[in-house]
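# The sequence and its predicted three-dimensional model are supplied below.
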Number of protein chains: 2
Amino acid sequence: MTGTQVAKVTESCHPEYKVGMHVVGDFGWQTRAVVNADDPGASLWLEKPYIIPDFSGLPLSLALGVLGMPGNTAYFGFLEICDPKPGDVVVVSGAAGAVGSHVGQIAQLKGCKVIGFTGSDEKVKWLVDELRFDAAFNYKTTDVVEALKQSTPEGVDCYFDNVGGALSSAVISQMRFRGRISVCGSISSYNADISKLPQAPDIQRTVLRKELKMEGFSVKYWNDRWDEGIKQNLQWIKEGKLVYRETVTEGFENMTKAFIGMLRGENIGKAVVKV
Amino acid sequence: MTGTQVAKVTESCHPEYKVGMHVVGDFGWQTRAVVNADDPGASLWLEKPYIIPDFSGLPLSLALGVLGMPGNTAYFGFLEICDPKPGDVVVVSGAAGAVGSHVGQIAQLKGCKVIGFTGSDEKVKWLVDELRFDAAFNYKTTDVVEALKQSTPEGVDCYFDNVGGALSSAVISQMRFRGRISVCGSISSYNADISKLPQAPDIQRTVLRKELKMEGFSVKYWNDRWDEGIKQNLQWIKEGKLVYRETVTEGFENMTKAFIGMLRGENIGKAVVKV
């Protein structure tokens, strides 16, 4: 995990990247970096450092969240794979994270009913009170199937999955005919040995009977439409239609703590370290 | 399970269905039936009884198998969802069944490498010796992951799934980037209580990291292209490119036995009862 940074260009011999510009890149967990912008090395999603466009005065840290990769992951990964229609029921797992909370709000903007699963009562409260989710549940203290049966007896049309494992099997079991599943994350098994993946109820029978579509994706698919996502998300923020939150940790020396906290689910919205 | 029959029209007051014609329909487990052809009642796939076209002298029972619903399931469900390219590695589970054995042969016709999983050594022998699969394994006596690692270290591009459960989790774990999974059956869980589906290793992480697509389907999708599938499969049979097999049980009174035998995996190719 290299992580992603907002960095200021302090020296440059590249014509496109000028001193004083702010860029986004995977530069490593360090305070300064020397980078060949045309060949920045391995990155999960970036081909080269991204020059941050005009954010109309909003903080540049948003280039790591709602106006960056997570924002575009939500925008493209939800709209392109889940193909939501007005009136659809949308379920989001990891719903209080940077991507999940964004997906839920786009779903509302598209006229969908939105149900979120997250890992604490505080997050549930945020999703329902501030983000106006139709329902949200703490999956640690809730029977997922029962919660869905009661909050959406008609079934689920779209599932935006950040989690995988038993929670996802439960959601998928409640899906409606021709539902769509966008697989964005599987945080429940990130620490698992690949040869001993955790057991979860088999989903193939539901996929078959309900004729579901499921797709794993990387936001890289839409690299050629990158600015479209940033622009639309910025527009929604300006119109007050898209609420975001950051959990900011101060100090380079606290970076590891912030990273572990994120994996433990301690953050709401995007986890950012301010150096 | 109504089952599907080839039946002869013995009386008719419908202008399209003439006495003496042979039709395919879900008429129930009975020797004679009275049917309203315009509203034949619940069927898994047929809107109305299908008038069998000219089979160039081939047996009419093929309208239940290679020249019927299973044949079209293989033709459309594999080609449209797995989208195979020459050189792709294709894995089929339930490989010695009517659909599976057909899919494997279409895959070969499209220039793919084909690996089958089935439930007996006799079936393995048939797949390799007669159908010329590149490899076939008895999943009951083989470590599926090891078998795939050795027979196709490059990984799997297309998986045509008739089975579900742990076997499918193992195959999916060996898939290659951007692989496609066509979910046609999940026979491993047909007897399971829907609220207690069997546990299998979680596939979401692989779906995510390998960016896989998985889709459950019904052959009904392609009702408007039905004749295209029948025609192409008939053509392949005439050219000697498509081998089929039927397991025929004689006598109406043995129908239950044949049905249970099929679920137990005793048949090779299409299970047919001759009345």
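Received, thanks.

# so after the strand ranked longest in chain A, what's the next helix or strand?
Taking DSSP state E as the assignment, the strand of chain A that covers the most residues is strand A:175-183. Beyond strand A:175-183 on the C-terminal side, the first helix or strand identified by DSSP states H and E is strand A:199-201.

# hmm, that following strand in reach of chain B?
Yes: applying C-beta under 8 Å from any C-beta of the partner chain, one finds that strand A:199-201 is in contact with chain B at A:199-201. Backbone N, C-alpha and C define where each C-beta goes, glycine included.

# what helices or strands is the helix or strand that comes right after that strand leaning on?
Scanning the chain past strand A:199-201 towards its C-terminal end, the next helix or strand to appear is helix A:204-209 (assignment: DSSP H and E). In terms of contacts (3 or more C-beta pairs under 8 Å, 6 or more residues apart in numbering or on different chains; DSSP states H and E), helix A:204-209 is packed against helix A:165-173, strand B:175-183, strand B:213-216.

# what comes into contact with the last one?
Here strand B:213-216 makes contact (C-beta atoms under 8 Å, 6 or more residues apart in numbering or on different chains) with A:204, A:206-216, B:81, B:178-183, B:207.

# Pairing partners for that strand, with directions?
Applying DSSP bridges, strand B:213-216 is found paired with strand A:213-216 (antiparallel), strand B:175-183 (parallel).

# Toward the C-terminus, what is the element adjacent to the helix or strand harbouring A:V114?
Per DSSP H and E, A:V114 falls inside strand A:113-118. Scanning forward in sequence from strand A:113-118 by DSSP H and E, the next helix or strand is helix A:121-125.

# Packing partners of that next one?
strand A:135-138.

# Just the buried positions in the helix or strand A:G261 falls within, please.
Element membership for A:G261, per DSSP H and E: helix A:255-263. For helix A:255-263, the neighbour count (16 or more other C-beta atoms under 10 Å in any protein chain shown) marks A:258-259, A:262 as buried.

# show me the contacts for the closest residue in space to A:V145 that isn't next to it in sequence.
Nearest residue to A:V145, sequence neighbours excluded (C-beta to C-beta, 6 or more residues apart in numbering or on different chains): A:A170, at 5.0 Å. When contacts are counted by C-beta under 8 Å, 6+ apart, A:A170 is found next to A:144-145, A:148, A:201.

# How about A:I268?
By C-beta under 8 Å, 6+ apart, the contact list for A:I268 reads A:96, A:101, A:122-123, A:126, A:245, A:247.

# Off-centre distance for the helix-or-strand element of chain A with minimal mean pLDDT?
Ranking every helix and strand in chain A by mean pLDDT, DSSP states H and E puts strand A:199-201 at the bottom, with a mean of 85. Between the centre of strand A:199-201 and the centre of its host chain there is 24 Å, according to C-alpha atoms, centre = their mean, to the nearest Å.

# which residues make contact with it from outside it?
Contacts of strand A:199-201 (C-beta under 8 Å, 6+ apart): A:164-166, A:168-170, A:173, B:196-202.

# Could you rerun that using 10 Å?
For strand A:199-201, contacts defined as C-beta atoms under 10 Å, 6 or more residues apart in numbering or on different chains pick out A:164-170, A:172-173, A:188-189, B:166, B:169, B:189, B:192, B:194-204.

# Need the buried ones from the contacts of strand B:213-216 selected in PyMOL.
Filtering the contacts of strand B:213-216 down to the buried ones (16+ other C-beta under 10 Å) takes a single PyMOL command:
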select buried, (chain A and resi 204+206+207+208+210+211+212+213+214+215+216) or (chain B and resi 81+179+180+181+182+183+207)
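
# what residue ranges in the stretch 1-150 of chain A score low on pLDDT?
A:1, A:42-45 (pLDDT under 70).

# all strands for it, in order.
A:5-8, A:22-25, A:50-51, A:89-93, A:113-118, A:135-138 (DSSP state E, counting those that start in this stretch).
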